[in-house]
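Peer 1: Build me a structure from this.
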Amino acid sequence: MGFFDFFSREKKQNLDRGLEKTKEGVFGKLRRAFAGRRTVDDEFLDELEEIFITSDVGAETTLKILDRLQARVARDKYVGVDELNELLCEEISELLAENDNTTTGDDFMPPAGKKPYVIMVVGVNGVGKTTTIGKLAHLYKAAGNKVLLGAADTYRAAAIEQLEEWARRADVPIIKQQLGSDPAAVAFDTATSAKANDVDVVIIDTAGRLHNKPKLMDELSKIKRSIDKVIPGAPQEVLLVLDGSTGQNAFEQARQFSAATQVTDLAITKLDGTARGGVVIGISDQFRIPVKYIGIGEGINDLQMFNKRAFVESLFGHKA
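Peer 2: Next comes the predicted model:
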């Protein structure tokens with residue numbers, strides 16, 4: 001057994017553990033709904049609809065899943081509970097694959113030819129933004145990259161202090177200025193230092209105020225322009241962090257941020273503490289923005305590249 005076989009098995013075990021509440025809360029309800037069923041009738045579909053919607057899969061995605069399930073059952077002549085569970089797993093996996101809008105990755109290496117690779121991280125306070133930055137720094141460094149952090153959330157002393165602590169834990173350098181400094185200036189200094197010191201990956205924190213504040217969105221545009229002056233084309237990734245436990249509020253934040261700034265990727269956090277893991281399926285289906293990372297625990301290694309097939313298989317306990 002090689003190292004990567006062991007690592008993949010360990011990651012799967014971590015994923016299964018991190019999704020345990022969703023598996024028991026939501027998909028436990030599905031198992032009970034399947035029990036004793038011999039036909040997919042209107043009553044059963046109504047029950048499935050309620051389960052998916054209350055698990056924050058979202059109404060639009062739920063209707064897609066049910067339509068696909070009905071068509072598949074008619075075609076394959078469903079005959080038992082195990083088959084229905086397997087069909088549902090397959091149809092959700094295929095739905096996400098057809099959208100072709102989710103990242104399936106298994107490493108933390110920046111794209112070739114994009115050095116320094118700059119990740120600007122956005123999101124409201126309390127979603128796990130700083131924690132995600134710290135975990136990203138650790139994982140990118142563990143993959144062999146030279147990493148630098150930029151503390152461009154200059155409005156809260158706690159934000160700078162928290163990022164400093166994560167920089168210490170991940171053993172990576174950090175660029176910061178005094179509280180109240182111009183965030184764009186911090187971003188500019190970070191990009192300049194990264195270019196001068198042959199850094200591979202730059203991760204820049206930004207203020208986590210409410211997503212419906214125009215001033216914040218103007219500020220994000222200014223930060224992006226300051227980075228681009230030093231590293232043309234950067235930031236190559238604008239990562240929006242969402243708290244998976246907030247359900248439909250996460251959908252709304254994704255809508256607001258994607259409308260106001262050019263979000264390229266999503267990180268959905270705190271999935272280990274909620275039964276609302278279905279939000280990942282809904283967001284993956286409805287937004288043309290890839291879910292790139294998922295947070296499934298408090299540990300520094302409990303952040304994974306999102307693999308849609310592995311995610312669905314973990315929830316259903318079936319190979320899709």
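
Peer 1: burial of Thr54, as a residue count?
Peer 2: 16 (other Cβ atoms under 10 Å). C-beta here means a position set from N, CA and C on the backbone, and glycine is covered the same way.

Peer 1: Now it. Its backbone dihedrals?
Peer 2: Dihedral angles of Thr54 (phi, psi; degrees, to the nearest 10) stand at phi -70, psi -10.

Peer 1: And it, how far from Gly278?
Peer 2: Here the criterion is Cβ to Cβ, to the nearest Å. By it, Thr54 lies 9 Å from Gly278.

Peer 1: can you tell me the distance between the two ends of stretch 110-121?
Peer 2: 16 Å (Cα to Cα, to the nearest Å).

Peer 1: now what about it, what contacts it?
Peer 2: 129, 132-133, 136, 140, 145, 148, 187, 191, 194-195, 199-206, 220, 223-224, 227, 231, 233-239, 241 (Cβ atoms under 8 Å, 6 or more residues apart in numbering).

Peer 1: from those, which would you call buried?
Peer 2: In the contacts of stretch 110-121, burial by neighbour count holds for 129, 132-133, 136, 140, 145, 148, 187, 191, 194, 199-206, 220, 223-224, 227, 231, 234-239, 241, counting by 16 or more other Cβ atoms under 10 Å.

Peer 1: Show me where the stretch 1-150 of the chain has its strands.
Peer 2: With DSSP state E, counting those that start in this stretch applied, the stretch 1-150 of the chain shows strands at 117-122, 147-151, listed in chain order.

Peer 1: The shortest one: partners in the sheet, and parallel or antiparallel?
Peer 2: Take DSSP bridges as the rule and strand 147-151 pairs in its sheet with strand 174-175 (parallel), strand 201-205 (parallel).

Peer 1: next one: stretch 45-57 to chain centre, how far?
Peer 2: 22 Å (Cα atoms, centre = their mean, to the nearest Å).

Peer 1: Around Cys89, count how many other residues there are.
Peer 2: 20.

Peer 1: actually Gly113, not the one I wrote
Peer 2: For Gly113, the tally of surrounding residues (other Cβ under 10 Å) stands at 6.

Peer 1: for the stretch 1-150 of the chain, which spans come out with low pLDDT?
Peer 2: Flagging of the stretch 1-150 of the chain using pLDDT under 70 yields the residue ranges 1-8, 78-81, 99-106.

Peer 1: how about 50 then?
Peer 2: For the stretch 1-150 of the chain, the stretches flagged by pLDDT under 50 are 1-7, 102-104.

Peer 1: end-to-end on stretch 13-23?
Peer 2: Stretch 13-23 end-to-end distance (Cα to Cα) = 14 Å.
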